[in-house]
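Asks: Here is the input, now give the coordinates:
(2 chains, ligands or ions: 2)
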Amino acid sequence: MSGMRVVPEESQKFVISVRQLAKLFADQQGRPVRVLDDITFDVYPGETLVVMGGSGCGKSTLLNCLIGELRPEEGGIFYQTRVMPQPINILDAREEQLNEVRKRFGILFQSGALFNSMTVAENIALPLKEHSYVDPSIIDIVVTLKLQQVHMLPHRDKMPAQLSGGQKKRAGLARATALDPEILFYDEPSAGLDPVTSAAIDELIIDLSKKLSVTSVVVTHEMDSAFRIADRMVMLDRGRVLRIGPRGEFERIRDTAPERLADEDERLIHQFLNGKTEGPLTDAAGMSEYEKWIVTG
Amino acid sequence: MTQVDNTLNDIRRQGNATIVALSGEVDLHRTPAVHKTLVQACEQHPERLVVNLKDVSYMDSSGLGTLVEVFRRVNGYHGTLALCHLSTRVRSVFEITKLDRFFNIYATEEEALSA
Ligand SMILES: Nc1ncnc2c1ncn2[C@@H]1O[C@H](COP(=O)(O)OP(=O)(O)OP(=O)(O)O)[C@@H](O)[C@H]1O
Ligand SMILES: [Mg+2]
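Replies: Ligands and ions are numbered 1, 2, ... in the order given. Below you'll find the predicted structure:
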């Protein structure tokens, strides 16, 4: 790592700056595998960055590193927030600094992650009670505002077990936004939802981002959704950044015939965006491993 | 870490109205103090309570919740709550929660006093 630049540019205005990040996991034989390798990108204030890539390419691992749940072996993850305008590398931050940064996060992961022993309203009130001395009557009002935003007011006093998948997700979003986060992380927010509910969640992501300038990092497989919400997109491939750029660039690659694209990378992105099963993506995925297995036994 | 409380809550009487000028960032940390000030301003049941947000640079949901709570109080004694001088950012917070439909929001303090 010597001589490598692991700090972000001075002048750049970012909310998150990821520098030469690497995450290693052990495979079945106990050998280290670079699940994320040399990942470098910035997330700008108020933008929605969509993270794409095939199953197992490292999207959830990246998200877990960003929120401090997983510790990468190499690199840096810098944050600049309203309450902490100086860049902080969460990988060498003190515990209380890390907690301050984390308080500015909202996280919506695959399951919605509600506490089953509490009503929907109690679930949303929880972070407010934990983090503030705000009057209970005001907390109650905030809970109502949050539920209204996700059209969940009628389900206020239900237990999570009484909710559908889409309702759970919306309740999870209400909870993720309880503390007015500056940064929202979503891991497949519309997975398993019907198109109408999925579009409603997208609307909300867009609203939060455009009206309240919440910065969002969204992992999604839903291409319609991705192109609706993204300002920029990043495509991962086997733990590396294949391409990062504005949505328009990805639209161009999606809509251009493969033979007219610049290179193999673009053809791979084209195939992914169009959901085709034939192309470099499937040819490459696991083939070298398979070949090794065939050849060496 | 000691922090200067930059929410200066200024209360004035003008005829039948009470005007409260808030400033700074109305967030989780400041909300309890802001609530106290507004509750205090409600105590004499002013016919009109004007909250001037000219110097409020940021307001979070707990700040909004505080205004809703005060809105209920003022309605409770049949008074009127009027807000004025919302920055674009603060107005967005009202819009996204659709509270702009319920509150009396005016551009200036004069309008808030006379409307
Ligand atoms: N705790 C772990 N231990 C070992 N390997 C892991 C662990 N977590 C993830 N992996 C491996 O890391 C790679 C990336 O996994 P990750 O969950 O980040 O993929 P993903 O891009 O989110 O996929 P999907 O789209 O299916 O959710 C996979 O090969 C996975 O098997
Ligand atoms: Mg995943």
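Asks: Report the contact partners of residue A:66.
Replies: A:16, A:18, A:77, A:185, A:217 (C-beta atoms under 8 Å, 6 or more residues apart in numbering or on different chains). For every residue, glycine as well, the C-beta is placed using N, CA and C.
Asks: gap between the one helix or strand the second one maps to and the chain center?
Replies: With secondary structure defined by DSSP states H and E, residue A:18 is part of strand A:16-26. Here strand A:16-26 shows a centroid-to-chain-centroid distance of 15 Å under the convention C-alpha atoms, centre = their mean, to the nearest Å.
Asks: How about stretch B:53-60?
Replies: 9 Å.
Asks: any residues touching that stretch, and which ones?
Replies: With contacts defined as C-beta under 8 Å, 6+ apart, stretch B:53-60 is touched by A:82, A:179-180, B:21-28, B:31, B:83-87, B:89-90, B:93.
Asks: cutoff 10 Å now
Replies: Outside stretch B:53-60, the residues that touch it by C-beta atoms under 10 Å, 6 or more residues apart in numbering or on different chains are A:82, A:142, A:179-181, A:212, B:6-8, B:10, B:20-31, B:34, B:63, B:66-67, B:83-87, B:89-94, B:105, B:108-109.
Asks: what secondary structure does residue A:114 sit in?
Replies: coil (DSSP: H, G, I helix; E, B strand; the rest coil).
Asks: residues near it, how many?
Replies: 23 (other C-beta atoms under 10 Å in any protein chain shown).
Asks: now swap in residue B:108 and tell me
Replies: Quick note: residue B:108 (other C-beta under 10 Å) scores 12 neighbours.
Asks: Tell me the bridge partners for the spatially most central residue of chain B.
Replies: Centroid check for chain B by C-alpha atoms, centre = their mean gives residue B:51 as the closest residue, at 3.8 Å. Per DSSP bridges, the residues bridged to residue B:51 are residue B:20, residue B:83.
Asks: check contacts around it.
Replies: Counting by C-beta under 10 Å, 6+ apart, the residues that residue B:51 touches are B:9, B:18-22, B:34, B:37-38, B:41, B:66-67, B:70-71, B:81-86, B:103, B:109, B:112.
Asks: now do residue B:72
Replies: Residue B:72 touches A:137, A:141, B:81, counting by C-beta under 10 Å, 6+ apart.
Asks: Contact partners for residue A:207?
Replies: A:149, A:214, B:92, B:95, B:96.
Asks: that older thread, show the buried residues in the contacts of stretch B:53-60.
Replies: The neighbour count (16 or more other C-beta atoms under 10 Å in any protein chain shown) marks A:142, A:179-181, A:212, B:7, B:20-31, B:34, B:63, B:66-67, B:83-86, B:90-94, B:105, B:109 as buried among those.
Asks: Next to chain A, which bits of chain B? Give me the list.
Replies: B:1, B:25, B:27-29, B:31-32, B:35-36, B:39, B:58-72, B:88-89, B:91-93, B:95-99 (C-beta under 10 Å from any C-beta of the partner chain).
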